[in-house]
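>>> Curious how this folds, go ahead:
(chains A and B)
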Amino acid sequence: MHLQLNNLSDRELLLRFRKFREREVAGVLLDRYSHLLVAVCLPGLDERHPAETVFPELTGKLFDQLHNATGKVNEIMHGLVQQYFGKTRKAPPVAMRELESRVDHAGNNPIEKMALAAQLENALGRLIPEDMDLLNEFYLEHKPLSELARSRHIDSGQVRDRLKSIRQQVAMYMKEAAYE
Amino acid sequence: MNSHSPRQERIIRIFTPVRCLNRDQMRRYHLGQMTVVEQHLVEQHLVECDLCNDALATLGNPANIESYQQLSHQLSQYIQREYAPAPPPLRQQKQFTAKPQQERKTFADSVQSYFWTIVFLAFGGGGIFLLQQHLKNRPPMTVMPARAAEVVVLPAPKGAEVGNYQAPSEPVQEPLAIQTKYSSRDTSRTTAAVTPVPTRDTAQKKKIVKDSALPKLPPADTNTRKPAAQAPPPPAETPKEPQKVPQKETPKEKAPEPAPVAKTAKEEEPAAKPANGDDYVYRSAMQYQQQGDYNEAINQFRKLSDNGKYAERARYQMAICYRAKGQKGRARRMLRDIANSEGPMKSLAQEELSNMN
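Down below sits the predicted model:
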């Protein structure tokens, strides 16, 4: 049973957990992200927040939030950790979530894919040239972040943040185009 | 990620979600052991996933790696232990907790089965009681033949059925004839005189002798009377029969008095008309009287003596029965009451009184 659950995706596990309320399913999900939870919480562990209390509390809260929380597990977990250690975190925009869901639903449908690609081309055409170049080099030419940072004389983290904001901007353009 | 794939595919893949890094991918990413394609996939995911990006940033510090490995292993064990799929102790506890529920359920089932058993027994007992009451109170003869003739001929009773009426050594060969039409005393005696005469009742002996001396009337038009009319018994034989019977019968046995018969206009109704309950009771009482069971006959007549069309006749027959039992005083009082009344049995009662005196 445990091995079969390990083969399921996060979305399938969440649906199953919300339907049958199986603790085993929640355990598989939490175990799948436990190393990331430890790595994220590691800078925040101190005498006030010992690991013996932080991780049971966080896993308990995550178990409660998995019942009715929407979105992806990694986003839920990251938001919970930031909230637990008193940091502010900006929630991912709804436009990005809708666009990812639309791409996911297009799947292998070529007509849907062609329509979606045409809309994305129009949205990408509205970007400024620097952002368009960065996007092309990373996503289309598959250049690594370190190389892009080196060519632009910036940190790789800054390149990552820039790419993230470009994606959100494209998602906003797509949403605006849908309303038009 | 094939760089030679069409541009449309690659544009769509910008927004295709990628799964978070597992333990092995994180370790190999730090060690630089990934292929170019896999590294690009990880970096593509890092752009969109803050959790993995923060985790890799934390592990970028070598001082955190040891504690990360230790805590990650402990947390994994804790989750597997805490969210284990129904551990055996919990199962046993569930079984222990479920056992009282099963007992409760079985108890409820047993209570329900007991209830229905009691209801069934109550209904069964009530039905049996009602059946007994019905059998106890019903008339002795539920089905009586419609009176098509003045005389009903019954088959010859067996010794066990007759009781103390008949001597065991002398079976009755002739069938019983029940008088159903009451016309006069003489005609009834011609048909109902088949019963033996009691042993020690000298008054009855005299009366029988007197009756036998009376001239026989011509038989009625019924089939049952024709044989008796065609071959009337010789007058000399009639007194002999009562003389023979008392020698063989036990002292307790009492021969029935030949019932005097009263004929009424109401009984000349067509035979097809169904008889009611009083009619049944009266006929059964008459049958008991013919069989010599005077006590039962008196009981049956007493039911009819209060009201109804058979009241006076029932009282008259009761008086006859008392006389046959030897309670002549009581019989005389009853006959005197009937003779003093203005009923249809007045003349018969006066005649019986005169005979008794």
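
>>> Number of residues surrounding the residue in chain A positioned nearest to chain B?
Closest contact between chain A and chain B, by Cβ to the nearest Cβ, is at residue A:27 (2.6 Å). Backbone N, C-alpha and C define where each C-beta goes, glycine included. Residues lying near residue A:27 (other Cβ atoms under 10 Å in any protein chain shown) number 23.

>>> Which residue comes closest to it once chain neighbours are left out?
residue B:83 (2.6 Å; Cβ to Cβ, 6 or more residues apart in numbering or on different chains).

>>> Over to residue A:99?
Spatial nearest neighbour of residue A:99, excluding adjacent residues (Cβ to Cβ, 6+ apart): residue A:171 at 4.5 Å.

>>> for the residue positioned nearest the centre of chain A, what are its contacts?
Geometric centre of chain A, nearest residue: residue A:75, 5.6 Å, by Cα atoms, centre = their mean. The contact partners of residue A:75, by Cβ atoms under 8 Å, 6 or more residues apart in numbering or on different chains, come to A:92, B:50, B:51.

>>> How many residues are close by residue B:316?
Neighbours around residue B:316, by other Cβ under 10 Å: 29.

>>> That one contacts residue B:346, correct?
No. Using Cβ atoms under 8 Å, residue B:316 makes no contact with residue B:346, being 9.8 Å away.

>>> which residues are in contact with both of those two?
With Cβ under 8 Å, 6+ apart, residue B:316 and residue B:346 have common neighbours residue B:338.

>>> Assign a three-state SS to the residue nearest to the centre of chain A, would you?
Using DSSP: H, G, I helix; E, B strand; the rest coil, the secondary structure recorded for residue A:75 is helix.

>>> Spell out which residues make up each domain of the chain.
Reading this off chain A. Domain assignment for chain A by automatic domain parsing gives A:2-84, A:94-179.

>>> hmm, I had chain B in mind actually
Split by automatic domain parsing, chain B gives B:7-82, B:99-138, B:151-356.

>>> and the closest residue to residue B:14 other than its chain neighbours, how many residues sit next to it?
Nearest non-adjacent residue to residue B:14, counting by Cβ to Cβ, 6+ apart: residue A:139, 4.8 Å away. For residue A:139, the count of nearby residues is 21 (other Cβ under 10 Å).

>>> repeat for the one 10 residues further on
Applying other Cβ under 10 Å, we find 17 other residues in the vicinity of residue A:149.

>>> average model confidence for the helix ranked longest in chain A?
For chain A, the helix that runs over the most residues, judged by DSSP state H, is helix A:156-179. Rounded to a whole number, the mean pLDDT of helix A:156-179 is 89.

>>> Point out the other helices and strands that it packs with.
Helix A:156-179 is packed against helix A:94-106, helix A:110-125, helix A:129-135, helix A:145-152, helix B:36-48, with contacts defined by 3 or more Cβ pairs under 8 Å, 6 or more residues apart in numbering or on different chains; DSSP states H and E.

>>> got the contact list for the residue nearest to residue A:27?
A:23, A:24, A:26, A:27, A:28, A:30, A:31, A:63 are the contacts of residue B:83 under Cβ under 8 Å, 6+ apart.

>>> that older thread, any idea how far the residue nearest to residue B:14 is from residue B:69?
33 Å (Cβ to Cβ, to the nearest Å).

>>> thinking again about what came up before, what's the most buried one of the helices and strands packed on helix A:156-179?
helix B:36-48 (a mean of 19; mean count of other Cβ atoms under 10 Å in any protein chain shown).

>>> re the thing from before, I figured the residue nearest to residue A:99 hits residue A:95, correct?
Yes. Assessed by Cβ under 8 Å, residue A:171 is found in contact with residue A:95 at 4.2 Å.

>>> Ranking by neighbours, what's the top pick from the contacts of residue A:75?
Result: residue B:51 is most packed of these (other Cβ under 10 Å), 25 neighbours.

>>> any idea which helix or strand carries it?
According to DSSP states H and E, residue B:51 maps onto helix B:50-59.

>>> And the closest residue to chain A within the stretch 1-150 of chain B, what's its pLDDT?
Checking the stretch 1-150 of chain B residue by residue against chain A with Cβ to the nearest Cβ singles out residue B:83 as nearest, at 2.6 Å. Looking at residue B:83, its pLDDT reads 84.

>>> Same check on residue A:137?
92.

>>> quick one: contacts for it?
Counted by Cβ under 8 Å, 6+ apart, residue A:137 has contacts A:143, A:148.

>>> avg pLDDT for the helix holding residue B:51?
So the average pLDDT for helix B:50-59 ends up being 91.

>>> What of stretch B:106-115?
For stretch B:106-115, the per-residue pLDDT averages 87.

>>> what's the answer for stretch B:313-329, then?
89.
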